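>>> output the structure for:
(chains A and B)
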Amino acid sequence: MNDTILDLKFYDINFWIGENPLSAKLSIREQNLVKILDARKKNFKIEGTAILHFKAFFLNPRLGNDIVANLLSTIDKETLDVSGVMFMEQDYFTSPEHFKGNIVKRFNQGFRIIAFFPKTHKYPFEANCCREFYEVLNYYNFPMVINLDEIDITGNKNIEWDKLLIIADKFPNMPIIIDGGLSKELMYTSYLSLLIKNSSNIYINIHNLFAMNQIEDLTKYASADRLIFDTYFPYYDTYISTERLINSTLDNSEKEKIAILNIKKIFHEIGIN
Amino acid sequence: MNYKIIDTHLHLGPYGPLYVPSNSEDNVINLLKKFNVIKAICSHHLGFVSVENGIEGLFKVLGKYKNFLYGYLVFNPNFSKISLEIIKKYIGYKNIIGVKIHPSWHQCYPNDLKYNDLWNIAEEKNFPILSHSWSTSVGNPIQRFSNPLLFKNVVKNHPNLKLILAHAGGRGEYFYKVMNLLEENENLYVDFAGDVFFRGLLKEFVSNVGSGRILFGTDLPWTDVRYHIANVLYADINERHKKNILSLNALKLFNIEV
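Modelled structure (predicted):
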């Protein structure tokens, strides 16, 4: 399918592991992690991976974060570039100082993104309610990811997009990655384009930019600087995202930004020593 | 790439809520051709809103891409009389090779009596019907009209009806209900048009019901053809199954010559 000569490498920021209580098919055993990452690197040039754990989502954020921390500690970083996506733990809400300390702790364990799941885990995400947390993330240039399903309060695709712009505007050093989850992003081109144009720090992951030419259109009308590669594995096969980007009509430099450079830049700018 | 592809499910013409800036007819057709699609079967968005205006839109694009494009007429159960008149007049005429129904769009359940004459004519004249099918959910309540299980008695009562359940049921447990329907009815077909790329799903369908009744459909411009091609080419199924899905099944079902 691909006739490009570009040797495109990818960093996947959306790779889930662990037991998914809703589906055995969507469950990935932790002992198979290295084998899967090796295969993805060999077959699809996934050079780096940010890992999320189903237990953090379905049961307990702290438990999931701890499991990922342990996994990260066992992987040989010389052969596999891996990082963690941490979830907001309940006790972070006790004080911003506690949150700040834990951001540093989790960073040192290998976490590079924090995920917000406000609907599932029952906490707010708005700029004022979460001001103290966003101030910490803003201070460290630490990226957050928020899932569109999680801010679709009615479950009927009525998303208050402006709230995202307000957060972005108030905390400009905090990269905000919008994750499509299983939402129908294919109908959201106008919203996503305006989010990018009206902010300096909102990014969109690409795994379900499914509409015709949607990746090309967002690049053309917004910017390749704000699209970030992901696969949403194991919900989707790895090749669904890699082949789409490889076969896009973007310039090679735009493909590389989306595939790996944009997220590497975000990680590089995190201000924790 | 050595494969030749037939896209059995795409749409042409503008549709407001789907904002695709590059959604011109030429762009859609050129994108398909670029990725080895040799024939395509479309319905016109206009046809869902007005069957009379839709036929004009459809003939216009069929004339423009006459060596490449085939068409579905649209049956609107809320305008069943005029829909049937158009179908009777044009089916089999200049690359018109089937009928599309969309129970959710027209908010009419497929087991409603309004469809009965359509099923009868389709059996009599031996043309396939492509129907939207989707899972029912709180977040997408309009899809209750397209619950694939509502077709169970339709295909049972019309054993010669060739029916394609688009999207294979759409989401979750409905895929497995559609697999059961396929096992029970040999004239039932599916496509995976739309955003239906879930990991291992195609292989599961092929393992359970074979590849002989799976059609390649994109749902362009709603979904980009590149996803669908990767979904078949990289699937863990053998070459024979891939060829069946990409083109051979469509050639046979629609009696298309290449």
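>>> residue contacts, residue 219?
Let's take chain A. A:227, A:250, A:254, A:258 (CB atoms under 8 Å, 6 or more residues apart in numbering or on different chains). Backbone N, C-alpha and C define where each C-beta goes, glycine included.
>>> actually it's chain B I care about, not the one you picked
Residues counted as contacts of residue B:219 (CB under 8 Å, 6+ apart) are B:9-11, B:166-167, B:193-194.
>>> that one and residue B:250, how far apart?
To residue B:250, residue B:219 is 15 Å away according to CB to CB, to the nearest Å.
>>> ditto for residue B:31
Separation of residue B:31 from residue B:250 (CB to CB) stands at 19 Å.
>>> and the host helix or strand of residue B:176, what's buried?
Using DSSP states H and E, residue B:176 maps to helix B:174-184. Of all the residues in helix B:174-184, those buried under the rule 16 or more other CB atoms under 10 Å in any protein chain shown are B:174-175, B:177-179, B:181-182.
>>> same thing with stretch B:139-156?
Residues B:140, B:143-152, B:154-155 are the ones in stretch B:139-156 that count as buried (16+ other CB under 10 Å).
>>> now, the most widely separated pair of these?
B:140 and B:155 (24.1 Å; CB to CB).
>>> thinking again about what came up before, is it possible to get TSV of the contacts of residue A:219 that adds secondary structure, distance to residue A:209 and pLDDT?
Formatted as TSV, the contacts of residue A:219 follow (DSSP: H, G, I helix; E, B strand; the rest coil; distance: CB to CB, whole Å; pLDDT from 0 to 100):
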residue	secondary structure	distance to residue A:209	pLDDT
A:227	strand	8	97
A:250	coil	12	97
A:254	helix	14	98
A:258	helix	10	98
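>>> looking at the residues you listed, spot the one nearest chain B.
Using CB to the nearest CB, residue A:250 comes nearest to chain B of those, at 12.3 Å.
>>> what's the burial count for that closest one?
For residue A:250, the number of neighbouring residues by other CB atoms under 10 Å in any protein chain shown comes to 19.
>>> same check on the one 10 residues further on?
Residues near residue A:260, counting by other CB under 10 Å, number 22.
>>> is it part of a helix or strand, or is it coil?
Of the three states, residue A:260 takes helix under DSSP: H, G, I helix; E, B strand; the rest coil.
>>> pretty sure it sits against residue A:12.
No. Between residue A:260 and residue A:12 there is no contact under CB atoms under 8 Å: 9.5 Å.
>>> overlap of the contact sets of those two?
Shared contacts of residue A:260 and residue A:12, defined by CB under 8 Å, 6+ apart, comprise A:48, A:229.
>>> show me where the stretch 51-200 of chain A has strands.
With DSSP state E, counting those that start in this stretch as the definition, the stretch 51-200 of chain A shows strands at residue ranges A:81-87, A:111-116, A:144-147, A:176-179.
>>> and for the closest residue to residue B:158 other than its chain neighbours, the neighbour number?
Using CB to CB, 6 or more residues apart in numbering or on different chains and skipping the chain neighbours, the partner closest in space to residue B:158 is residue B:119 (4.6 Å). Each residue near residue B:119 was counted by other CB under 10 Å, and the total is 18.
>>> who's in contact with residue 235?
Went with chain A since none was named. Residue A:235 sits next to A:16, A:26, A:182, B:198-199 when contact means CB under 8 Å, 6+ apart.
>>> not quite, go with chain B.
Shown in contact with residue B:235 (CB under 8 Å, 6+ apart): B:202-203, B:206, B:242.
>>> now those in JSON lines, with distance to chain A, secondary structure and neighbour count?
Output for those, formatted as JSON lines (distance: CB to the nearest CB, whole Å; DSSP: H, G, I helix; E, B strand; the rest coil; neighbours: other CB atoms under 10 Å in any protein chain shown):
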{"residue": "B:202", "distance to chain A": "9", "secondary structure": "helix", "neighbour count": "25"}
{"residue": "B:203", "distance to chain A": "10", "secondary structure": "helix", "neighbour count": "14"}
{"residue": "B:206", "distance to chain A": "15", "secondary structure": "helix", "neighbour count": "20"}
{"residue": "B:242", "distance to chain A": "12", "secondary structure": "helix", "neighbour count": "20"}
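>>> need the max-distance pair from these.
Within the contacts of residue B:235, two members stand farthest from each other by CB to CB: B:203 and B:242, at 11.2 Å.
>>> ok, which stretches of the chain are helices?
Answering for chain A, as no chain was given. A:33-44, A:54-58, A:61-74, A:96-109, A:131-140, A:161-170, A:189-197, A:214-221, A:238-246, A:252-256, A:262-268 (DSSP state H).
>>> um, chain B though
B:25-34, B:45-49, B:51-64, B:80-90, B:103-106, B:116-125, B:152-157, B:174-184, B:201-209, B:225-233, B:239-243, B:249-254.
>>> return the residues of chain B in contact with chain A.
Contacts of chain B with chain A, taken as CB under 8 Å from any CB of the partner chain, map to B:1, B:17-23, B:27-28, B:31, B:35, B:138-141, B:195, B:197-200, B:220-227, B:229-231, B:233-234.
>>> hmm, try it at 6 Å
B:1, B:18-22, B:138-139, B:195, B:197, B:199, B:220-221, B:223-224, B:226-227, B:229-230, B:234 (CB under 6 Å from any CB of the partner chain).
>>> next, residue A:26: phi, psi?
Main-chain dihedrals, residue A:26, degrees, to the nearest 10: phi -100, psi 10.
>>> so it makes contact with residue A:232?
No. The pair residue A:26 / residue A:232 is not scored as a contact, 10.7 Å apart, by CB atoms under 6 Å.
>>> for the two, indicate the residue with more neighbours.
The neighbour count for residue A:26 versus residue A:232, taken as other CB under 10 Å, is higher for residue A:232 (24 against 18).
>>> count of neighbours near residue A:162?
Residue A:162: 10 neighbours (other CB under 10 Å).
>>> measure it to residue A:195 for me?
Residue A:162 sits 10 Å away from residue A:195, taking CB to CB as the criterion.
>>> again, but for residue A:163
11 Å.
>>> can you check residue B:4 too?
Counting by CB to CB, the gap from residue B:4 to residue A:195 is 40 Å.
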